[in-house]
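Asker: sequence first, then the predicted structure, then my questions.
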Amino acid sequence: MALSEFNADNYFSVTANLLLFLDHGATGPLTGALDTDTLAAVPPETVTQKGTFNPNGFINTQSGRTFTIAGHLKTSRGIVRTQVNQSIQFVQQERVVDSATQFEQKIAQDETVSSSTITTGPSPDTFQEAFEYPLQLLYNYTVNTNGTSQQLTTLRQGYSVSTVDSPGHGPATWSFVSNTVAPKDTLHFDSSGNFLNFSNNASSQVYQSGDSAGACYGRLVASRSLVVITDHRISCGKGQ
């Protein structure tokens, strides 16, 4: 088993778990094969540059891949076939403004992963997962005529995952989790670059989760100037 990370700058770390099943009814070594593998070593990538970018302009980056990996295993209960289908899409739009009195960088990024695992045999099952990682960032550093400056940073970052498990023998189950944070702040500096103070400090977080067993939880927490101003339950989503 080998693992590589495409386009990692200089360091990438990952932790994984390998799940093994024992066939207690087997009388000898199990046999099987990898039937399909369409996963390419390098995903396609498109980078579009708009403007002269000297140093102002736009950079749009997108990459996506769709693949299928399938195989079978002969067990004491019969042949078990497993097929994994996955689609990954990445999009980033970036705008840069750079002058003697301003440096601004605005990024809108989104990545989605859709995966399904289909198992046929004695215990058929279809398990579906969907992930999304949206990110919006605005960094704006400006210099005033008297030499003082300010640095504005706003961020909105989210995470969501939903699952649906449809066993061949029994009812389907589902679950979802979403979590979004949105902080912002402005730092102020004197003409020598020394930090003076901050303003417009605020942050919020929205967490929602639920499942087919009846769990439903949602909460909103918000702060302003380092003081919590909101902390209460909200709808968990999914029409609840």
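Answerer: Alright, I've got the coordinates.

Asker: contact partners for residue 168?
Answerer: 123-125 (Cβ atoms under 8 Å, 6 or more residues apart in numbering). From N, CA and C alone the C-beta is placed, and that goes for glycine too.

Asker: in PyMOL, how would I select the buried members of these?
Answerer: Typed into PyMOL, the next command selects the buried ones out of those (criterion: 16 or more other Cβ atoms under 10 Å):
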select buried, resi 125
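
Asker: in strands only, show me the contacts of residue 168.
Answerer: Members of the contacts of residue 168 lying in strands (criterion: DSSP state E): residue 125.

Asker: just send the contacts of residue 168 back as a markdown table, with distance to residue 233 and pLDDT too.
Answerer: What follows is these, written out as a markdown table (distance: Cβ to Cβ, whole Å; pLDDT from 0 to 100):
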| residue | distance to residue 233 | pLDDT |
| --- | --- | --- |
| 123 | 39 | 90 |
| 124 | 39 | 94 |
| 125 | 34 | 96 |
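
Asker: pull the longest strand from the chain.
Answerer: Counting by DSSP E, the longest strand found in the chain is strand 78-98.

Asker: tell me what that strand is packed against?
Answerer: In terms of contact count using 3 or more Cβ pairs under 8 Å, 6 or more residues apart in numbering; DSSP states H and E, strand 78-98 is assigned the packing partners strand 57-75, strand 102-120.

Asker: going by mean pLDDT, which of these comes out lowest?
Answerer: For those, the weakest mean pLDDT is recorded on strand 57-75, namely a mean of 91.

Asker: which phi and psi values does the closest residue to residue 220 other than its chain neighbours adopt?
Answerer: Computed as Cβ to Cβ, 6 or more residues apart in numbering, the closest residue to residue 220 that is not its neighbour in sequence is residue 234, at 4.9 Å. Dihedral pair for residue 234: phi -140, psi 180, per degrees, to the nearest 10.

Asker: need the pLDDT of residue 234.
Answerer: pLDDT for residue 234: 94.

Asker: distance of it relative to residue 205?
Answerer: 11 Å (Cβ to Cβ, to the nearest Å).

Asker: overlap in contacts, these two.
Answerer: residue 220.

Asker: start and end of stretch 24-37, how far apart?
Answerer: 29 Å (Cα to Cα, to the nearest Å).

Asker: to clarify, my last question referred to stretch 125-139.
Answerer: 47 Å.

Asker: swap in stretch 65-84?
Answerer: Terminal residues of stretch 65-84 lie 14 Å apart, using Cα to Cα.

Asker: give the buried residues for that stretch.
Answerer: Neighbour-count burial for stretch 65-84 [16+ other Cβ under 10 Å]: 65, 69-70, 72-73, 75, 80-84.
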